[in-house]
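J.: model the structure of this input:
(one chain, ligands or ions: 1)
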Amino acid sequence: MSTAGTRRIPLSAPWIDERDEELVLEVLRSGHLSLGPTGPRFEALLAETVGAAHCAAVSSGTAGLHLCMRLAGVGPGDEVITSPYSFVASANCALYEGATPVFADVQPHTYNLDPAAVEAALTDRTRAVMTVDIFGYPCELDELRAVCDRHGLVLVEDACEALGARYKGQLLGSHGHPAVFAFYPNKQMTTGEGGAVVTGSAEEHELLVSLRNQGRLETSSWLQHGRLGFNYRLDDLSAALGIGQLEKLDRILAGRREVAARYHELLAGLDLELPVADDADHERSWFVYVVAVPRGVDRDALIRRLGAQGIACAPYLPSIHLQPYMRELFGFAEGLCPVAEDASARTMAIPFHSRLPREDQERVAEALGAALAAA
Ligand SMILES: Cc1ncc(COP(=O)(O)O)c(C=O)c1O
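T.: Just a heads-up that it's a prediction; the model follows:
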């Protein structure tokens, strides 16, 4: 009996092959599990891949964002403008430093920060703008940089979902300002847990390397610490996996592009908003495939219905300012960012990864069509 109709289709899946295993095993056998030669090799390869001058690998994307707040000199009393339609880390990193996250609304369709809303959210306490390339679609970098330049603000880019994306033809991570990538297993490439901060500044890189390593200075011995730092290091086993992943990144990204193109075809006839297409300025790196249901359709019921058929979907993404702890801390409520809130009520991620089989995609499209018809 065929199990094709009942097999569970996961929301995401990493692409791990024998080469990855070999590289990790090599480090394991070397005994050099942290602060060995593999970390710098991974960093050099990643810097080359995204066209960055410098790269510091860290233990997670969140750790990278936190260190960028340190680079920006953000502290108590400061405000950091960010996107409400993102993963919580885009805002939490400001909170870690005692600063206040300020949410500017996003653009419809791209779900990225609206530069006009950022300008409107400025106060004399604004210190930095944390912009996000949500779902791998590049944000309006030039306009956001212009706002930052006009007002003397630091620009940090949360590119955690956007490895390999291009803005105006140029790879994200190569624009000079600090940008953060993340490598949790649902990302385009994975190191298990892990992340990286890239920057065009040697000075920023030096600070990052010290901060992630307990504040040690290049010149200090193991138990001497020049500043307050963290243990945000990436171990060598994770870095080895990262090298294997980078070696096949082109294939990973091409696979994801192909799967996305197939979904476009399969879902074209349904009453859904599909992900915004690339244009001359924006080339997406496919992270997730997110669709928006029409207003009035119970998105969560749809997700439950697909879940009951073994098709994993998720409400993606809730607005950060409406998370329970944010409401409690700042009194945020509905109406603060209407575009983001509307998106949060209607968007859902459907199964998506580099090697998702066509028959699984057909099953997802069929189930989604039936669920919409019944909604
Ligand atoms: C936009 C965004 N920012 C930050 C992060 C945090 O990355 P990590 O889970 O590696 O800490 C993620 C990943 O989940 C993300 O999607």
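
J.: span of stretch 267-276 from start to end?
T.: Start and end residues of stretch 267-276 are separated by 14 Å (Cα to Cα, to the nearest Å).

J.: avg pLDDT for it?
T.: In this model, stretch 267-276 carries a mean pLDDT of 97.

J.: same check on stretch 132-152?
T.: pLDDT averaged over stretch 132-152 gives 98.

J.: can that stretch be found next to the ligand?
T.: Yes. Interface with the ligand: stretch 132-152 contributes V132 (Cβ under 6 Å from any ligand atom). (Glycine included, C-beta is placed from N, CA and C.)

J.: may I see the buried residues of the helix or strand encompassing L25?
T.: Secondary structure assigned from DSSP states H and E places L25 in helix 18-30. Neighbour counts over helix 18-30 (16 or more other Cβ atoms under 10 Å) mark D20, L23, V24, V27 as buried.

J.: just put those residues in JSON lines and tack on distance to A374 and pLDDT.
T.: Putting those into JSON lines (distance: Cβ to Cβ, whole Å; pLDDT from 0 to 100) gives the following:
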{"residue": "D20", "distance to A374": "42", "pLDDT": "98"}
{"residue": "L23", "distance to A374": "48", "pLDDT": "98"}
{"residue": "V24", "distance to A374": "46", "pLDDT": "98"}
{"residue": "V27", "distance to A374": "51", "pLDDT": "98"}
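
J.: can you redo those residues as CSV with distance to Q245?
T.: Compiled in CSV, the buried residues of helix 18-30 are given as follows (distance: Cβ to Cβ, whole Å):
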residue, distance to Q245
D20, 7
L23, 9
V24, 11
V27, 14
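
J.: name the element the residue of the stretch 201-350 of the chain found nearest the ligand belongs to?
T.: Per Cβ to the nearest ligand atom, F287 is where the stretch 201-350 of the chain lies closest to the ligand, at 7.6 Å. Using DSSP H and E, F287 is not contained in any helix or strand.

J.: what is the burial count for it?
T.: 25 (other Cβ atoms under 10 Å).

J.: thought it was touching F135?
T.: Yes. Using Cβ atoms under 8 Å, F287 is in contact with F135, at 5.3 Å.

J.: now do the shared contacts for those two.
T.: In terms of Cβ atoms under 8 Å, 6 or more residues apart in numbering, F287 and F135 are both contacted by the residues E161.

J.: and W222, what's its pLDDT?
T.: On pLDDT, W222 comes in at 88.

J.: what's near enough to touch the residue nearest to it when sequence neighbours are not counted?
T.: With Cβ to Cβ, 6 or more residues apart in numbering as the criterion, W222 has its nearest non-adjacent residue at 7.5 Å, and that residue is R216. Neighbour list for R216: S210, W222, Q224, H225, G226, G229 [criterion: Cβ under 8 Å, 6+ apart].

J.: and the strands in the stretch 201-350 of the chain?
T.: Counting by DSSP state E, counting those that start in this stretch, the stretch 201-350 of the chain has strands at residues 282-283, 289-292, 314-315, 347-350.

J.: output these as JSON lines; include the columns mean neighbour count.
T.: What follows is the strands of the stretch 201-350 of the chain, written out as JSON lines (neighbours: other Cβ atoms under 10 Å):
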{"stretch": "strand 282-283", "mean neighbour count": "20"}
{"stretch": "strand 289-292", "mean neighbour count": "22"}
{"stretch": "strand 314-315", "mean neighbour count": "16"}
{"stretch": "strand 347-350", "mean neighbour count": "23"}
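
J.: turn those into TSV, including distance to S83 and mean pLDDT.
T.: Shown next, in TSV, are these (distance: least, Cβ to Cβ, whole Å; pLDDT from 0 to 100):
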stretch	distance to S83	mean pLDDT
strand 282-283	16	98
strand 289-292	15	98
strand 314-315	17	98
strand 347-350	14	98
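
J.: put together CSV for those, with distance to R166 on each row.
T.: Listed next are the strands of the stretch 201-350 of the chain as CSV, based on distance: least, Cβ to Cβ, whole Å:
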stretch, distance to R166
strand 282-283, 4
strand 289-292, 19
strand 314-315, 27
strand 347-350, 23
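
J.: got those strands as a markdown table, with distance to the ligand columns?
T.: Below are these laid out as a markdown table (distance: least, Cβ to the nearest ligand atom, whole Å):
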| stretch | distance to the ligand |
| --- | --- |
| strand 282-283 | 17 |
| strand 289-292 | 12 |
| strand 314-315 | 12 |
| strand 347-350 | 11 |
